[in-house]
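In: heads up, no residue letters with this:
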C-alpha cells in the first residue's frame, strides 16, 4: 500500500496540546453546560486535512492512501499534521491469546469521523479497530460470532458522539439471518438491532460495495447506481436513524450519477441532501408533505470567478461532494486530464469559499475523508452544578 503526504513538514515528535486549545475564545466563555451543548452542534471542528484513497472500492482490498494537509496558522493543527499517524503505521499490537493466522494482516481503512479511523484486518475483517491517529490509541474488537464467516459481506460505518467522545460502529450483513448490529464503546459489546422490517430494507440493497457514512444522528449507504449494475436506473439511499434505530430507504430527487451526501440539519427538520449538478451545489430539504424541495443553490463558477479560470486552464471538470458539517460543504474539484485536484470548503451561510490545492502526482479518485480535530468531552450532567459554582 503506497502512502503519500501532501503539504506537510516532518517535525520532531512533540506532545499534542489538548484539542480544546485549538478552539476560539468564543466557545470557551460559555459558562453554562446547556449552552455549551447547544452551541457545539453548530460549531465547526478544526479541519486538519483530508485522507484520500485510490479507486479501490471493495473494503477487503487495501487502497493506496494519501494525506493532504488543509494548512493552518494554528500551531496545534500544524503539530497534528506533522505528528498524526494517518496511515495507522503505529497502531498498537492487539493484546490477544489467539494464535489465529491471517490471510492478510494489514489494516484497512473503513471510515473516518470525529478524529477517529475505523479499521479492519484480514480478508473477512476478523479484527476491527477504532484508532485515534493523534493520540495513537486504539479500541480493538471483533464482529459478532454470527458474522465471522460472512465472507466480508458485512458493511460498517462509524458514528462519533462529540459531546462525550464515545463512538458506535454500525454493521449490517447483506445476506444472512442477522441483518444489523451496533457496537458501543461504552459497553464494548454488540447489540443486534435487526427485525423483519429491517431485513426488508436490506432486500432493497442487493449488493453494496462500499461502507457507510455518518451524518449527525444518521448513518447511510448509497446504492451508487452508476457503479453497480444491479440497480439499473434508480438511485437509493439506505438510512439508519441512530436515535430511533429504525432503517429506511429514500430516493434522492435527482437522477443517478450525481455526487451527493446526507446532512443532518436541525434547522430544516433533520435529514437533508447536499448534491452537485454541473458545478452547482444544491441543498434539498423535505416539505410538510415529505416531498423534496430545493432549499438553496450555489452556482460555483458564477459566484467564484477563479474556479471558472481553473476549469478552463486546468481542465477541472467534476465537483465531488465529500461531507457537510456545521454549515460547511466539503468538496473535491477534479481534473479530467491531470492527477491533482482542489479541496473546497464552502460556507453556505455566507457563501464564502476556501480552496486548498492538492498537488499529488497520482490521481486519488476513491473514497475521501475530511479529518477533523476532536472537540474535548463536555462535562457530565452531574458536574453541571459544580461548573456553575466554579
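Out: It's in. Everything numeric here is computed off the predicted structure, so don't read it as measured data.
In: In the protein, where is pLDDT below threshold?
Out: The model of the chain has pLDDT under 70 over residues 1-43, 56-62, 95-104, 123, 148-152, 174-178, 194-207, 225-232, 377-390.
In: Who are the packing partners of the longest strand seen in it?
Out: In the chain, assigned by DSSP state E, the strand with the most residues is strand 316-325. For strand 316-325, the packing partners by 3 or more Cβ pairs under 8 Å, 6 or more residues apart in numbering; DSSP states H and E come out as strand 213-215, strand 259-265, strand 270-276, helix 305-314, strand 328-335, strand 341-347, strand 368-372. Bear in mind the C-beta positions are built from the backbone N, C-alpha and C, glycine included.
In: now do 7 Å
Out: In this structure, strand 316-325 packs against strand 259-265, strand 270-276, strand 328-335, strand 368-372, with contacts taken as 3 or more Cβ pairs under 7 Å, 6 or more residues apart in numbering; DSSP states H and E.
In: mind listing what it pairs with, with the direction of each?
Out: Its sheet considered, strand 316-325 pairs with strand 328-335 (antiparallel) by DSSP bridges.
In: So what's the residue count around residue 372?
Out: By other Cβ atoms under 10 Å, 24 other residues sit near residue 372.
In: How about the contacts made by it?
Out: 45, 46, 47, 48, 115 (Cβ atoms under 7 Å, 6 or more residues apart in numbering).
In: the strands in the stretch 151-300 of the chain, which residues?
Out: 154-160, 167-173, 180-184, 189-192, 213-215, 218-222, 237-241, 246-250, 259-265, 270-276, 280-286, 292-299 (DSSP state E, counting those that start in this stretch).
In: mind checking which of the ones you listed is nearest residue 339?
Out: The closest of the strands of the stretch 151-300 of the chain to residue 339 is strand 259-265. By Cβ to Cβ, the value is 19.1 Å.
In: Contacts for that closest one, please.
Out: With contacts defined as Cβ under 7 Å, 6+ apart, strand 259-265 is touched by 213, 215-218, 220, 237, 239, 252, 270-276, 319-324.
In: Likewise for stretch 305-325?
Out: Residues contacting stretch 305-325 (Cβ under 7 Å, 6+ apart): 44, 259-261, 263, 274-276, 279, 300-301, 329-338, 342, 368, 370.
In: Any of those buried? List them.
Out: 259-261, 263, 274-276, 279, 300-301, 329-335, 342, 368, 370 (16 or more other Cβ atoms under 10 Å).
In: Tell me, how many residues neighbour residue 120?
Out: 24.
In: What separation is there between it and residue 247?
Out: 22 Å (Cβ to Cβ, to the nearest Å).
In: How about residue 335?
Out: 38 Å.
In: Check residue 209 too.
Out: Residue 209 is 19 Å from residue 247, by Cβ to Cβ.
In: Which of these two has more residues huddled nearby?
Out: Applying other Cβ under 10 Å to residue 209 and residue 247 shows that residue 247 carries more neighbours, namely 23 against 14.
In: Compute the distance between that one and residue 239, please.
Out: Distance, residue 247 to residue 239, using Cβ to Cβ: 7 Å.
In: Got phi/psi on residue 350?
Out: phi -120, psi 10 (degrees, to the nearest 10).
In: That one: neighbour count?
Out: The burial count for residue 350: 7, using other Cβ under 10 Å.
In: so what's it up against?
Out: Residue 350 neighbours (Cβ under 7 Å, 6+ apart): none.
In: Please apply the same query to residue 351.
Out: 298, 303.
In: switch the cut-off to 6 Å
Out: Contacts for residue 351 (Cβ atoms under 6 Å, 6 or more residues apart in numbering) come out as none.
In: Next up, phi/psi of it, please.
Out: phi 50, psi 60.
In: for residue 80, same thing?
Out: Here is the backbone geometry of residue 80 (degrees, to the nearest 10): phi -60, psi -40.
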